[in-house]
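Novice: Sequence below, structure please.
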Amino acid sequence: MTTSEFQSMASLKPKAQVLLDAHQGPDPLVLPNIWDVTSARTVAAAGFPVIATSSRAIAGVFGFQDNDSSNPDSIFNFLTRIAEAVSLPVTADLEAGYGLVSEELVGRIFAAGLVGCNLEDTDHHGDSVLIDANEQAGFIARVRAASDSAGIHLVINARVDSFIRQVGNDDQQLEDAVRRGRLYLEAGADCIYPIALVDRERIARLTDSLSGPVNVVARKGGMSIKELASLGVRRISFASALFQSMNDQLRRAALRLAESKNLDSVWQAMPATSR
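Specialist: A predicted model of the protein is given here:
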C-alpha cells in the first residue's frame, strides 16, 4: 500500500465512526438519497451529516436495471467521484453486491472512499424469491470479517426484502423479517432495512423484536420523524423518491414544451424558485 493509499484508508476510520454513531440517536438519521455529484453536494450543503446513494437512481443514470446486474466497475468508479466530491461519510446502496465475493466487495468499497453500504437479500440470480437467510447471514459475516481485517468498521445496512417481495401474508412477512433481521445482526450487520414496511403496527413489532437499529423509507403523507422515532426507528431514507421527483419535473416540462411549442411553458412547469 502506498503512502497516499494508507492516508486515504486512515481517513475513512473517523467517517465510519460518524456514520455508526449517527444510528444511536437521539434523533433518527435522515437520509435524502442522492444519485450523482451535484445531488450529493446539494444534500451536503443543506447540512445533512451523511450522504447516502440510491441504487435504483444510479442504475437509472447509467441505464442499468436495479436488479444486481449493474457493471461493478462503472458503479464503483461513479461512487468514487461522489465520495471525492464531499467531505462527509458516504454510504452506498450496492444492491446484492454485484456478485462480488466479500473480500473484493469490501476492497472496492474502501477504495471508493465509502464507509457504509446497503446489501439486499433478494435472489436476483437464482430461482428463489429471497436468498436463504442463513446463506445471506454468512455473506454478511464474511463482509464484516473483511472489514475488520482492513481495520475499518464498514457500516452494514442489511436490507430485508420480505415485505417488498410479499413473502406470505402480513404475519408471515413480519415473522420472516424478524428471523432474518436477527440473523443478520448476529452476523455483523449494524442496521436492518425492511424496505416497503410502512404500517405503524408492524414497524413497532419489528423494532421491538430486534436488538439493533431499523431503517424505514419515508412516504408521502406518511408518519413524521417524531412518530417514526417513537416506534423505535433509528434511520429514515427516501430510496429513489427524490430522483423520481426530479425526473417527473423534467417530464412535465418536456411535455409542455412539446405540446405548446412555447418556450415559457418550460418555466411554467417548474417551481417558482427554479425559474
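Novice: Could you measure from the spatially most central residue of the chain over to residue 186?
Specialist: With distances taken as Cα atoms, centre = their mean, the residue of the chain nearest its centroid is residue 93 (4.0 Å). Separation of residue 93 from residue 186 (Cβ to Cβ, to the nearest Å): 23 Å. Using the backbone N, CA and C atoms, a C-beta is placed for each residue, glycine as well.
Novice: Could you say which helix or strand holds residue 109?
Specialist: helix 102-111 (DSSP states H and E).
Novice: mind listing the helices for the stretch 101-250 of the chain?
Specialist: Applying DSSP state H, counting those that start in this stretch to the stretch 101-250 of the chain gives helices spanning 102-111, 133-150, 170-187, 200-209, 225-230, 241-260.
Novice: Are there helices or strands packed against the longest one, and which ones?
Specialist: Packing partners of helix 241-260 (3 or more Cβ pairs under 8 Å, 6 or more residues apart in numbering; DSSP states H and E): helix 55-62, helix 264-268.
Novice: quick one, the first one and helix 241-260 angle?
Specialist: If I follow you right, that is helix 55-62. 40 degrees (axes from the mean of the first three to the mean of the last three Cα atoms, to 10 degrees).
Novice: average pLDDT across stretch 44-54?
Specialist: Mean pLDDT, stretch 44-54: 98.
Novice: What are the buried residues along that stretch?
Specialist: 44, 48, 50, 51, 52, 53, 54 (16 or more other Cβ atoms under 10 Å).
Novice: likewise stretch 218-235?
Specialist: So, applying 16+ other Cβ under 10 Å, buried residues of stretch 218-235: 218, 223, 228, 229, 231, 232, 233, 234, 235.
Novice: How about stretch 147-157?
Specialist: Buried, per 16+ other Cβ under 10 Å, within stretch 147-157: 147, 150, 152, 153, 154, 155, 156, 157.
Novice: So what sits opposite the residue nearest to the centre of the chain in the bridge?
Specialist: residue 118 (DSSP bridges).
Novice: Among the buried residues of stretch 147-157, which are located in strands?
Specialist: 155, 156, 157 (DSSP state E).
Novice: The last one contacts residue 188, correct?
Specialist: No: in terms of Cβ atoms under 8 Å, residue 157 does not count as a neighbour of residue 188; the distance is 11.9 Å.
Novice: So, low pLDDT: which residues of this structure?
Specialist: For the chain, the stretches with pLDDT under 70 are 1-7, 272-275.
Novice: The same query, at a cut-off of 80, please.
Specialist: 1-9, 265, 267-275 (pLDDT under 80).
Novice: What are the structural domain limits within it?
Specialist: Domain assignment for the chain by automatic domain parsing gives 3-239, 241-275.
Novice: Tell me which of those domains is the most buried.
Specialist: domain 3-239 (a mean of 18; mean count of other Cβ atoms under 10 Å).
Novice: between the buried residues of stretch 44-54, which is closest to residue 168?
Specialist: Each of the buried residues of stretch 44-54 was scored against residue 168 by Cβ to Cβ, and residue 54 proved nearest at 27.3 Å.
Novice: From residue 241, how far off is the closest one?
Specialist: Residue 54 is 8 Å from residue 241, where distance means Cβ to Cβ.
Novice: okay, and the common contacts of these two?
Specialist: residue 33 (Cβ atoms under 8 Å, 6 or more residues apart in numbering).
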